[in-house]
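Colleague: let's see this in three dimensions:
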Amino acid sequence: MSHHNRTHTLQSVAPSSAAAVGIDGLTIQSMLHEGRSKPSNNCTLTQTDISAMEIEWRNIDYCLIDEISMVGCYMLARLHRITIAKHTEPTTPFGGINMIFLGDFVQYPPVLDRPLYSNIVLTNDTLANTLSTIN
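Modeller: Numbers count the residues shown, from 1 in each chain. Model (predicted):
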């Protein structure tokens, strides 16, 4: 990207600070405007947070996620919710941003989240309840 002067269109993130430093990126939690004061199971965002994220993601075309095994289903769903803030069709996965997943999917499990590779069988009621807690 730097060769083509398009580094501003790439956002690199990782689930841990050590991995984020290794790719010169952010932690997923900081990119989602979550921190120690906001537990990750609390997905309520203020209008200020939403406006800031819309500005941050406006020019992003590519998102690189390292250490993908440490990213769980709920974290990925929250990431999808934020990326559709680009004002695209809500059914477009990740708001049309090209997602690049790096790492071994079964290396380390996510903390307090369901692994992406888990066998998920949900009824419509369970799915609706799960999605309502994410939104």
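
Colleague: name the residue closest to the centre of the protein, please.
Modeller: Nearest to the geometric centre of the chain sits residue 79, at 2.7 Å (CA atoms, centre = their mean).

Colleague: pLDDT averaged over the helix or strand in which that one is found - what is it?
Modeller: For residue 79, the enclosing helix or strand under DSSP states H and E is helix 73-83. Mean pLDDT, computed over helix 73-83, is 86.

Colleague: who does that helix touch, helix- and strand-wise?
Modeller: helix 28-31, helix 47-57, strand 62-65, helix 124-134 (3 or more CB pairs under 8 Å, 6 or more residues apart in numbering; DSSP states H and E). All C-beta spots, glycine's among them, are computed from the backbone N, C-alpha and C.

Colleague: now do the first one: distance to the chain's middle.
Modeller: Distance, stretch centre to chain centre, for helix 28-31: 8 Å (CA atoms, centre = their mean, to the nearest Å).

Colleague: could the C-alpha coordinates of that helix be exported in PDB?
Modeller: Provided in PDB are the C-alpha atoms of helix 28-31 (Å, rounded to 0.1, in the frame of the first residue of the first chain):
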ATOM      1  CA  ILE A  28      -9.500  -4.200  17.900                       C
ATOM      2  CA  GLN A  29     -10.900  -2.800  21.200                       C
ATOM      3  CA  SER A  30      -9.300   0.600  20.700                       C
ATOM      4  CA  MET A  31     -10.500   0.700  17.100                       C
END
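
Colleague: how about that helix: buried residues?
Modeller: Across helix 28-31, burial judged by 16 or more other CB atoms under 10 Å covers 28, 29, 31.

Colleague: what ranges in the protein fall below the confidence cut-off?
Modeller: Within the chain, the stretches with pLDDT under 70 are 1-7, 35-45, 86-87, 118-135.

Colleague: count the neighbours of the residue nearest to residue 76 when sequence neighbours are not counted for me.
Modeller: Sequence neighbours aside, residue 116 is the residue nearest to residue 76 in space, at 6.6 Å (criterion: CB to CB, 6 or more residues apart in numbering). A count of nearby residues for residue 116, using other CB atoms under 10 Å, gives 19.
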